[in-house]
Every structure is written in C-alpha cells, then in structure tokens.
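S.K.: below are the sequence and a predicted model for it; my questions follow.
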Amino acid sequence: MPAPNLSLATILVGLLNQTALAETSVERGEYLVTIMGCTDCHTPGHFLGQPDINRFLGGSDVGFEIPGLGTFVGPNLTPDPTGLGAWTVEEIATALRTGLRPDGSQLAPAMPWMNYAALTDQDATAIAAFLKTLPPVSHAVAGPFGPDEASGGFVMKVVAP
C-alpha cells in the first residue's frame, strides 16, 4: 500500500505544534532552578518561612554550620556585582558541575555540586543563562566563617546522624 500524501497544511500544523512545544534555553534554566530547589539556599527568608521574592536568589540570610569546617551562607546568584555579575555563563555552568569557582577555589561544602555534575552541557548552560536574566540584587553575603568564628546571624547547624 503506498504511503499517503501529506498535504502542505498537515506539514505546517505539525511544525507549528513542535514550535509551540519548544522551550528556550532560559525557560529550561528557570524550570531546572525551580525543581532543583535553588531558592531554598539562595533566597533571603526562605528558611524562615517568608521568602523575599523581591530578592529572588539574591543570597540567603541563614548560614549552615558544618562542624569542623565553619559556617557558609548561600551566595547571591543574581547578575549584580555582589553576586555572579562578573561570572560568564560558561563559568557558572562549570561551577555547577565541578564545584570550582573561576578563581579555582571550591564552592561551599553545602553546595550539592556533586549531584549537579551529571547535568548535561545544555542544562548547565540553561541554568546559567537563566541566572543572567534575573533582576540584579545588591546583597553581599557575609562569610564564609571559620569553625571558631561567629557569623552574627541565624545559623542552622548540620549534625551527623
């Protein structure tokens, strides 16, 4: 039996449906940031039950104390100079997957980059592209603090089971 002829209209409808379902890299990045829970550690007020949406991903106000290592506060992820403003999309994507900052230093131990190491190049780049579109929030996060230093703020202590 011969294959049916597809009309031009059928082909166009198929292409339009594919286009409608396609998402941009920034949209993909926003989706990933949402499901990965980035706001938990990087949006002020989140751990206190009142996330400040006006400072979305603008850096936490709560520290994580890891015994023997110190206290770490989720940094500002917005494109402000107090956040990721000087980082390129490539540097952000690399840090997500390797745990290394552009200067070669390690991200805070609380950052689960080991889980994100499996991100595809496209997904890591999409996250970085989305972060670059955020409204800049001027918020220089304090720390990190050494094991014997007081952070002066609210701290959640991480304890072994």
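M.R.: Now that the structure is in, tell me what you want to look at.
S.K.: Lys132 reaches Pro79, doesn't it?
M.R.: Yes - the pair Lys132 / Pro79 is scored as a contact, 5.3 Å apart, by C-beta atoms under 8 Å. All C-beta spots, glycine's among them, are computed from the backbone N, C-alpha and C.
S.K.: and the pLDDT at the spatially closest residue to Leu32 that is not a sequence neighbour?
M.R.: Closest residue in space to Leu32, ignoring its immediate chain neighbours: Ile127 at 5.2 Å, by C-beta to C-beta, 6 or more residues apart in numbering. Turning to Ile127, the model gives it a pLDDT of 98.
S.K.: in this structure, which spans are strands?
M.R.: 62-66, 70-73, 154-157 (DSSP state E).
S.K.: where are the low-confidence patches of the protein?
M.R.: Judged by pLDDT under 70, the chain has its weakly predicted residues at 1-22.
S.K.: what are the ranges of the helices in it?
M.R.: For the chain, helices defined by DSSP state H occupy the ranges 8-21, 25-35, 38-42, 89-98, 113-116, 121-133.
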